[in-house]
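Enquirer: from the sequence below, what's the structure:
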Amino acid sequence: QLNVIIRASLQNLGERIDQLKELLLRAVATHQVTQLEGDRRQNLVDDLLTRQKQLQASYRNEDVEPDVIRSNLMTGGVKRGVTNPWLVEESEETRGLGFDDLRQQQRRIIEEQDAGLDALSSIISRQKQMGREIGNELDEQN
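Expert: The predicted structure follows:
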């Protein structure tokens with residue numbers, strides 16, 4: 001009975017990972033997320049696929065040392081230079097916030113960044129205009 005549960009859970013995990021991959025591809029294709037964020041999420045999905053394969057190998061006893069696989073799955077060590085995101089401490093800003101709260105915070109941050117970019121754009125426009133006026137003055141003086 002336990003084997004049936006494990007096999008079904010591994011199959012369910014595989015299906016969910018496939019769903020994640022499809023949703024990620026759709027999100028990147030429709031520009032719901034940036035390419036950089038899409039790459040970051042793709043790395044996480046690839047990590048999940050690797051762990052799924054390790055779990056399947058461990059279940060089938062294909063590896064000589066299943067304890068090593070089990071410990072690798074659960075440790076928060078660095079793998080290919082990437083820390084396990086599930087074991088990283090949550091920041092004080094986001095601790096205790098729900099999904100909607102996090103989304104509102106993200107929107108607020110984006111609005112602040114947009115305001116900063118608008119200010120930067122106006123400064124650059126003003127400098128461009130000053131450069132043109134200086135160029136015109138130089139042409140006139142020459």
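
Enquirer: pretty sure residue 45 contacts residue 22?
Expert: No. Counting by CB atoms under 8 Å, residue 45 does not reach residue 22; the two are 10.3 Å apart. (Each C-beta comes from the backbone N, C-alpha and C, glycine too.)

Enquirer: what helix or strand is residue 138 located in?
Expert: Using DSSP states H and E, residue 138 sits in helix 99-141.

Enquirer: wait, is residue 92 part of a helix?
Expert: No. Secondary structure of residue 92 (DSSP: H, G, I helix; E, B strand; the rest coil): coil, not part of a helix.

Enquirer: what's it sitting at in phi/psi?
Expert: In terms of degrees, to the nearest 10, the main-chain angles of residue 92 are phi -60, psi -30.

Enquirer: the one 4 residues further on too?
Expert: When read as degrees, to the nearest 10, the backbone of residue 96 gives phi 90, psi 0.

Enquirer: what's the distance between it and residue 108?
Expert: The span separating residue 96 from residue 108 equals 17 Å under the rule CB to CB, to the nearest Å.

Enquirer: residue 45 and residue 22: which has the busier surroundings?
Expert: Between residue 45 and residue 22, counted using other CB atoms under 10 Å, the more crowded position is residue 45 (15 against 10).

Enquirer: could I get the contacting residues of that one?
Expert: With contacts defined as CB atoms under 8 Å, 6 or more residues apart in numbering, residue 45 is in contact with 17, 20, 21, 24.

Enquirer: can you pull the pLDDT of it?
Expert: If you check residue 45, the pLDDT there is 88.

Enquirer: just the buried residues of the helix or strand harbouring it, please?
Expert: In the assignment (DSSP H and E), residue 45 maps to helix 35-59. Buried residues in helix 35-59, counted by 16 or more other CB atoms under 10 Å: 38, 41, 44, 48, 49, 51, 54, 55, 56, 58.

Enquirer: reformat these as a markdown table; add distance to residue 141.
Expert: Converted to a markdown table, these look like this (distance: CB to CB, whole Å):
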| residue | distance to residue 141 |
| --- | --- |
| 38 | 53 |
| 41 | 57 |
| 44 | 61 |
| 48 | 67 |
| 49 | 68 |
| 51 | 70 |
| 54 | 74 |
| 55 | 77 |
| 56 | 78 |
| 58 | 80 |
